[in-house]
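Peer 1: What shape does this take:
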Amino acid sequence: MMSKHGRRLRQQRALLRVMFLAMLVLGWAYGAGGVFGQQAPGLEVPGFSIRSGYCVTVALPDLPGARFLESGPGGFVYVSLPREGRIVSTRDTDGDGVLEIIGDFVTGMPTVHGMCRHGDWLWFTQTGAIHRGRDTDGDGTADEVVTVLEEGLLPSGGGHWWRSILVTDDYLYTSIGDAGNITDQMETERQKIWRFRHDGSEKTLFASGLRNTEKLRLRPGTDEVWGCDHGSDWYGRPIGDAQGMQPVTDHNPPDELNHYVAGGFYGHPFIVGNILPRIEYYERPDIIELASKTTPPAWGFGAHWAVNGFTFLDGESVPASHRGDIFAALHGSWNSVRRVGYGIERILFDDETGLPYGALRIVTTLGSDGREVLARPVDCLVDVDGTVLFSCDHTGRIYRIHMAAE
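Peer 2: Down below sits the predicted model:
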């Protein structure tokens, strides 16, 4: 039997989709897909470019430094704030689509970043440690926190200090990025995904050759581990690219969507994209051997898009045409003459092969001039009503993407 809360969410979702379709039919959506409907005072959406068939509303107007998102029991949405060392508990308490801040799930956790819910526990990372906590009375605050991996058991700090976390029925996984740009760290614990048992035992190398993968997730219905990896900077510098005149660097290498497998090598820092060596490593005597064992990306994003978080679109509340696809958060470039990335990209997956085959830009968060930064998306999360939340650490907001009913 469906709970009262579940019936209310279904009714509200149905009403919203009816309103959305009516507005599209009447031509009330505007721009490149448009933001439709009346916005509540103070909750106006910036002038995003939005694909037809979607709309964007403000889900949380003011949470500076909002980074990664994870769902919790009872409709909770957790938000990590690494600079403040806390995870905030939010929830839409009145069904209006706006998240209210309930309280702090945990505090005093500098660099807290990646999160993954498994059962009643929220697992979360610091730069050199992994913890899990649970809220047993539903007040939004963890009343039990357990340290799974103590500081010192993983490398900490460095240029890419954030850590991902994926927890399955049997294992937990975390990735550690390059301390710099293209550092040779093959013989260290960096640039790798490590796998552990839930108690932190049985440390095992799972995959290597990563630069900066900030989130790991299973493809729904499988045990496949997927993640987005940042491409390296200054690809063309050895042949003369320089700030402001960098035609090679502007287009190379791609950010990657990878299917990570046990024992897989993904090229960094020696090999990029579709098995192209970094120029700095041309003279390595083993460069061809490294190329031969590199797994190319399952999908390539644009160079310097800085793809951070993503979510597989899963669940009965998600329109059937979208299930199995990915919404990816593009934080946006710094190492490019023209601003690129900055938005939400949908990656289309083939139901039969389980592989990506195309992409659609859903939201672009640059102004019409291509220079003004309206938002820098960090992470995406499917909410209980089938909408997709995305966080922004540039404006300290969380937005909600609505999809037209089918």
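Peer 1: Could you use CA atoms for every contact and neighbour count after this?
Peer 2: Noted.
Peer 1: and the spatially most central residue of the chain, helix, strand or coil?
Peer 2: Centroid-nearest residue in the chain, with C-alpha atoms, centre = their mean: Gly309, separated by 0.7 Å. Three-state call for Gly309 (DSSP: H, G, I helix; E, B strand; the rest coil): strand.
Peer 1: Wait, it touches Ile326, no?
Peer 2: No. Here Gly309 lies out of contact with Ile326, judged by C-alpha atoms under 8 Å, at a distance of 10.3 Å.
Peer 1: Give the closest residue to the residue nearest to the centre of the chain in space, chain neighbours not counted.
Peer 2: In this structure, Gly309 finds its nearest non-sequential neighbour in Asp379, 4.0 Å apart by C-alpha to C-alpha, 6 or more residues apart in numbering.
Peer 1: surely that neighbour meets Ala329?
Peer 2: Yes. Asp379 is in contact with Ala329 according to C-alpha under 8 Å; the separation is 5.3 Å.
Peer 1: Can you give me the pLDDT of the residue nearest to the centre of the chain?
Peer 2: On pLDDT, Gly309 comes in at 98.
Peer 1: Give the intersection of the neighbour lists for Asp379 and Ala329.
Peer 2: Counting by C-alpha atoms under 8 Å, 6 or more residues apart in numbering, the common neighbours of Asp379 and Ala329 are 308-310, 390.
Peer 1: Quick check: the residue sitting furthest away from the middle of the chain vs Phe270, distance?
Peer 2: Most distant residue from the mean C-alpha position of the chain: Pro285, 36.4 Å away (C-alpha atoms, centre = their mean). Distance, Pro285 to Phe270, using C-alpha to C-alpha, to the nearest Å: 12 Å.
Peer 1: what does Cys116 give?
Peer 2: 31 Å.
Peer 1: again, but for Phe301
Peer 2: In terms of C-alpha to C-alpha, Phe301 sits 19 Å off from Phe270.
Peer 1: now Arg117
Peer 2: 34 Å.
Peer 1: repeat for Tyr357
Peer 2: Taking C-alpha to C-alpha, one finds Tyr357 at 26 Å from Phe270.
Peer 1: More neighbours: those two, which one.
Peer 2: Higher neighbour count among Tyr357 and Phe270: Phe270, with 23 against 12, using other C-alpha atoms under 10 Å.
Peer 1: got the contact list for that one?
Peer 2: 182, 277-278, 281, 287, 290.
Peer 1: which of those residues lies closest to Gly263?
Peer 2: Leu290 (13.8 Å; C-alpha to C-alpha).
Peer 1: for Gly231, helix, strand, or coil?
Peer 2: coil.
Peer 1: and the closest residue in space to Val307 that isn't next to it in sequence, bridged to which residues?
Peer 2: Excluding the flanking residues, the one nearest Val307 by C-alpha to C-alpha, 6+ apart is Leu330, at 4.5 Å. Beta-bridge pairing of Leu330, defined through DSSP bridges, involves Val307, Gly343.
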